[in-house]
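[1] My questions concern the predicted model and sequence given below.
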Amino acid sequence: MNPHILTTLLLSLGLGTTITFMSSNWLLAWMGLEINTLAIIPMMAKQHHPRAVEATTKYFLTQATASTMILFTSTMNAWTTGEWSLTEMTNQTALTTLTMALAMKIGLAPMHFWLPEVLQGLDLTTGLILSTWQKLAPFAILYQISPMTNQTLLIMLGVTSALAGGWGGLNQTQLRKIMAYSSIAHLGWMVIILHFAPALTMLNLLIYIMMTSTMFLTMKMTSSTTVNVLSMAWTKMPMLAATSMMALLSLSGLPPLTGFMPKWLIIQELSKQNLPTAATIMALSALLSLFFYLRLCYTTTLTTAPNTHNTTSQWRKKTTQMTMATSMMIILTAMLLPITPTIMNML
């Protein structure tokens, strides 16, 4: 892709998200979401491969449907209340429809079916943007309307997403689909606590972005798209394979890694809110996700790929990957748990 066009698209991505962040009016928020969507579509289709075109088409149709629902609900609320402000969403029918539209935009179950298929058709860099940056703008709106949203609806979305993400990833061999189901499960953890402790949702979102960026950058450095290719990473880059195992375990939420922090705090908050059933189901759903993360860890670090050569040394060129960014992300993904009290005081 032409560097000038790529720069324009990346700036448009940033502009769309920033407009949504700064807006208190529904039309401006909707405009930011549309700029965001239209900016990433050429980046998704740049491979000119039928699989990429299919993924782009599915993404466009899904996002267009969700955007139409958002515009419709905001107009419905303005018709009944005379207000276009995000914080004046008092029409419950419009509020429920809006929540479902935003759930479709970010890929919450049961509107999650598009996400694995779309992510599978993208290259790893665009997949990273779709899994991280594209979640920010819809979450900014969800954060603002969370005090007015029906808590039962959010709990149901959260539990369904955690279970769907856990079950869906069990039988996958494609790494991008596994990351998609991982995203669905993590989004469930974020949404279930949104009504009770929005600050915990934002903390979970930031940690999820760090962990997912670590995995995508690692997959990019090892050029891994399937479990079989990932199994050969140890021969080429043993240190990176070992650290990717830590990133996977952090994604699964095992202590003493960073990923344990949000799960621990969310289960604690659900217990305080007298929701032991939801807390138990979420903890059990984490075991489903843990299974496929452990399968990836086993493949990456505890198996050696068949090698017909007498030596494992290979010709190597100077890498063009973002090694410094990957190193920093791995450190943050593995070592933030001890400073949990400090982070909570900041929140």
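    That came through, no problem. Numbering: from 1, shown residues only.

[2] got the contact list for the spatially closest residue to residue 128 that is not a sequence neighbour?
    Distances taken as Cβ to Cβ, 6 or more residues apart in numbering place residue 216 nearest to residue 128, at 4.0 Å, with adjacent residues excluded. (C-beta placed from N, C-alpha, C; glycine too.) Under the criterion of Cβ atoms under 8 Å, 6 or more residues apart in numbering, the contact list for residue 216 reads 124-125, 127-128, 131, 179.

[3] okay, how far is it across stretch 264-283, tip to tip?
    End-to-end span of stretch 264-283 (Cα to Cα, to the nearest Å): 9 Å.

[4] Pull out the buried positions in it.
    For stretch 264-283, burial by neighbour count (16 or more other Cβ atoms under 10 Å) applies to 265-267, 269-270, 273, 275, 278-279, 281-282.

[5] ok, now stretch 31-40?
    For stretch 31-40, the neighbour count (16+ other Cβ under 10 Å) marks 32-37, 39-40 as buried.

[6] In helices only, show me those.
    32-37, 39-40 (DSSP state H).

[7] Compute the number of surrounding residues for residue 170.
    Neighbours of residue 170 under the rule other Cβ atoms under 10 Å: 13.

[8] got the contact list for it?
    Per Cβ under 8 Å, 6+ apart, neighbours of residue 170: 288, 291-292.

[9] Quick check: PyMOL command selecting the buried ones in the residues you listed.
    Selecting only the buried entries of the contacts of residue 170 in PyMOL, with 16+ other Cβ under 10 Å as the criterion:
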select buried, resi 288+292
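
[10] In helices, which of the contacts of residue 170 appear?
    Secondary structure assignment (DSSP H) places 288, 291-292 from those within helices.

[11] Out of these, the closest to residue 228 would be?
    residue 292 (15.1 Å; Cβ to Cβ).

[12] my guess is the closest one contacts residue 178, does it?
    Yes. With contacts counted by Cβ atoms under 8 Å, residue 292 reaches residue 178, the gap being 6.2 Å.

[13] Overlap in contacts, the two.
    The contact sets of residue 292 and residue 178 overlap at 169, 172 (Cβ under 8 Å, 6+ apart).

[14] Which neighbouring elements make contact with the host helix or strand of residue 282?
    Element membership for residue 282, per DSSP states H and E: helix 276-301. On a contact count with 3 or more Cβ pairs under 8 Å, 6 or more residues apart in numbering; DSSP states H and E, helix 276-301 meets helix 151-168, helix 175-192, helix 227-230, helix 233-236, helix 238-252, helix 260-272.

[15] Kindly recompute the last result at 6 Å.
    Using 3 or more Cβ pairs under 6 Å, 6 or more residues apart in numbering; DSSP states H and E as the contact test, the elements touching helix 276-301 are helix 151-168, helix 227-230, helix 238-252, helix 260-272.

[16] Could you figure out how far it is turned away from helix 260-272?
    Angle, helix 276-301 to helix 260-272, by axes from the mean of the first three to the mean of the last three Cα atoms, to 10 degrees: 170 degrees.

[17] Report the secondary structure element holding residue 75.
    Assigned by DSSP H and E, residue 75 falls in helix 50-81.

[18] For that helix, what does the pLDDT average out to?
    In this model, helix 50-81 has a mean pLDDT of 93.

[19] which secondary element of the chain has the worst mean pLDDT?
    When the helices and strands of the chain are compared on mean pLDDT, DSSP states H and E, helix 233-236 comes out lowest with a mean of 80.

[20] buried residues in that helix?
    For helix 233-236, the neighbour count (16+ other Cβ under 10 Å) marks 233-235 as buried.

[21] try stretch 233-252
    For stretch 233-252, a neighbour-count test (16+ other Cβ under 10 Å) marks 233-235, 237, 240-241, 243-252 as buried.

[22] Any regions of the chain where pLDDT drops low?
    Scanning the chain with the threshold set as pLDDT under 70 gives 304-322.

[23] per-domain residue ranges of it.
    Domain segmentation of the chain under automatic domain parsing yields 1-139, 150-305+323-347.

[24] want to try TSV for the helices and strands packed on helix 276-301, with distance to residue 53 as columns?
    Output for the helices and strands packed on helix 276-301, formatted as TSV (distance: least, Cβ to Cβ, whole Å):
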stretch	distance to residue 53
helix 151-168	24
helix 227-230	24
helix 238-252	30
helix 260-272	36
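
[25] out of those helices, nearest to residue 89?
    Proximity to residue 89, assessed across the helices and strands packed on helix 276-301 by Cβ to Cβ, is greatest for helix 151-168 (13.5 Å).

[26] Thank you kindly, that will do.
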